[in-house]
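> dropping the sequence and predicted coords here.
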Amino acid sequence: MSKKFLITWDNMQMYTRELAERLLPATQWKGIIAVSRGGLVPAAILARELGLRHVDTICIASYDHDQKGEANILKQAPGDGEGFIVVDDLVDTGSTAKLIRELYPKARFVTVCAKPAGASLVDDYIVDIPQDTWIEQPWDTGVSFRAPLHK
Ligand SMILES: O=P(O)(O)OC[C@H]1O[C@H](OP(=O)(O)OP(=O)(O)O)[C@H](O)[C@@H]1O
Ligand SMILES: O=c1[nH]c(=O)c2nc[nH]c2[nH]1
Ligand SMILES: [Mg+2]
């Protein structure tokens, strides 16, 4: 994918705080389930903003050799999601979201970013991203020197 949408740490905190505001009042939630690994940072921010200390994970590995493929659930938070927020960093094709919906039908499933193919599978999200654009998350990138244009 040649088009990129770069998210900084500040952006991630700002977007996730906006998501937290839409999850008020906090007293309606028993806790948060992060879809690891991408949902871990948003989950930490939501937990802080909403004062929730029960934070669990569902750990999914979705690769087949080097390609994205069949999802393998390594560890799962118990229950049907009732009273829980399930959070992931993004929904793209929607395959992870479909699985989450099956596993936690009663949860409120939210993401920070959504591409059109998966947007209808989440209850709420903050940023719309075109399908042909790759989201660069802050934990996957770093600041580096760039040569000036005249060189
Ligand atoms: O809508 P989809 O096409 O399923 O893509 C979205 C999923 O892909 C990424 O996770 P990934 O499986 O790459 O693993 P990671 O969270 O451990 O990085 C992202 O964090 C979402 O969970
Ligand atoms: O960092 C990422 N950016 C994306 O756009 C994406 N889509 C699926 N998984 C993804 N991971
Ligand atoms: Mg993920």
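Sure, I can see it. Ligands and ions are numbered 1, 2, ... in the order given.

> which ones are touching the closest residue to ligand 1 within the chain?
Using C-beta to the nearest ligand atom, the point where the chain gets nearest to ligand 1 is Gly38, with a distance of 2.5 Å. Where you see a C-beta, it was placed from the backbone N, CA and C, and this is true even at glycine. Gly38 makes contact with 88-90, 137, according to C-beta atoms under 8 Å, 6 or more residues apart in numbering.

> among the residues you listed, which are in strands?
Judged by DSSP state E, strands contain the following of these: 88-90.

> reformat the residues you listed as a markdown table; add neighbour count.
What follows is these, written out as a markdown table (neighbours: other C-beta atoms under 10 Å):
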| residue | neighbour count |
| --- | --- |
| Asp88 | 29 |
| Asp89 | 23 |
| Leu90 | 24 |
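
> per-residue confidence at the residue of the chain closest to ligand 1?
For Gly38, the pLDDT comes out at 97.

> phi first, then psi, for it.
Phi and psi for Gly38, reported as degrees, to the nearest 10, are phi -60, psi -30.

> state the distance from it to Asp89.
According to C-beta to C-beta, to the nearest Å, Gly38 stands 4 Å off from Asp89.

> overlap in contacts, those two.
In contact with both Gly38 and Asp89: Gln137, using C-beta under 8 Å, 6+ apart.

> show me what the longest helix seen in the chain is packed up against.
Longest helix of the chain, by residue count under DSSP state H: helix 9-21. Secondary-structure packing of helix 9-21 (3 or more C-beta pairs under 8 Å, 6 or more residues apart in numbering; DSSP states H and E): helix 40-50, strand 108-114.

> and the contacts of the helix-or-strand element of the chain with minimal mean pLDDT?
Within the chain, no helix or strand scores below strand 67-75, which has a mean of 84 by mean pLDDT, DSSP states H and E. Here strand 67-75 makes contact (C-beta under 8 Å, 6+ apart) with 57-64, 95-96, 99, 103.
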